[in-house]
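Undergrad: model the structure of this input:
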Amino acid sequence: MAEPLVLLPGMMCDARLFAPQIAAFSGERAVHVAPLSGFDTIEEMAEAVIFHAPPRFALAGLSMGGIVAMEIVRRVPKRVTRLALLDTNPNSETPARAAEREPQIVGAKAGKLEEIMRDEMKPAYLAPGPNRLEVLKIVMEMAMALGPSVFVQQSKALQRRPDQQKTLRLIDMPTLVMCGRHDALCPVMRHQFMADMIRGATLEIIEDAGHMPTLETPDEATAAMRRWLDDTLLLKTPVTQAQG
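TA: Sure, this is the predicted structure:
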């Protein structure tokens, strides 16, 4: 049987973020989705995933999940067989962005989570397209199911997250760096920078997606992840860019 796959969802997301990929891959390998709620720091999230994960596993994380994935690789690189970093950010939080989170935290505590999520997502998350409203509905359902306390915890964890650029330079495994062309939250240039830091990384840009290609363009995202999962080389030398 193929190595297990551990998926780490982004902020205020759950397994529904990866529903198309779970359907595509679960017939050939064990697929685990690790919840990232109930923890105060990225380090605590990583520790929990490591504790419950199989002895050896492929690891993919989107957005905050990618941040946690980098911390996992920093801690237990020999347990991770391959790594996929999707629409994410290796940098620590800037003071400006940390300050922007404060009124959101206050608003979530005051019962305005739905309003905050909609305001945050409109400019930064999703690409234009016919299925935008459908994806937005799924994302809002995930967020409201997790609730304001999780929003507060995850926001504070992101404010205090460690910088992982050194971690990226030490990665020595098949690595996919993927993002949507329209991702204004974690833009293409940042992923190009990440791919350049990781020896042998493969860069895939999904043309018609924003911050959530796993839902926005599931066929393209799944195909890119399948190429990564099927890669039998220990290291890849070229960095390639897909056209979606």
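Undergrad: which residue ranges form the helices in the protein?
TA: Taking DSSP state H as the test, the helices found in the chain are 19-25, 42-52, 64-75, 95-109, 113-124, 132-146, 148-159, 165-170, 188-197, 213-216, 218-230.
Undergrad: among those helices, which is the most enclosed?
TA: The highest mean neighbour count among the helices of the chain, using mean count of other Cβ atoms under 10 Å, belongs to helix 213-216: a mean of 27. Every C-beta, even on glycine, is put in place using the N, C-alpha and C of the backbone.
Undergrad: of the helices of the chain, which is nearest residue 204?
TA: Of all the helices of the chain, helix 218-230 sits nearest to residue 204, with 4.4 Å by Cβ to Cβ.
Undergrad: contact partners of the closest one?
TA: 2, 5, 20-21, 24-25, 29, 58, 60, 82, 84, 86, 174, 176, 178, 202, 204, 206-209, 213-214, 242, 244 (Cβ atoms under 8 Å, 6 or more residues apart in numbering).
Undergrad: give me the nearest residue to residue 11, chain neighbours excluded.
TA: The shortest distance from residue 11 to any non-neighbouring residue, by Cβ to Cβ, 6 or more residues apart in numbering, is to residue 64 (4.3 Å).
Undergrad: contacting residues for that neighbour?
TA: 8-11, 36, 42, 88, 154, 157-158.
Undergrad: low-confidence ranges, the chain, go.
TA: For the chain, the stretches flagged by pLDDT under 70 are 121-124, 232-244.
Undergrad: residue nearest the centroid of it?
TA: residue 62 (0.9 Å; Cα atoms, centre = their mean).
Undergrad: find the nearest non-adjacent residue to it, please.
TA: residue 86 (4.1 Å).
Undergrad: wait, that neighbour touches residue 69, no?
TA: No. Counting by Cβ atoms under 8 Å, residue 86 does not reach residue 69; the two are 9.0 Å apart.
Undergrad: nice, that's everything, thank you.
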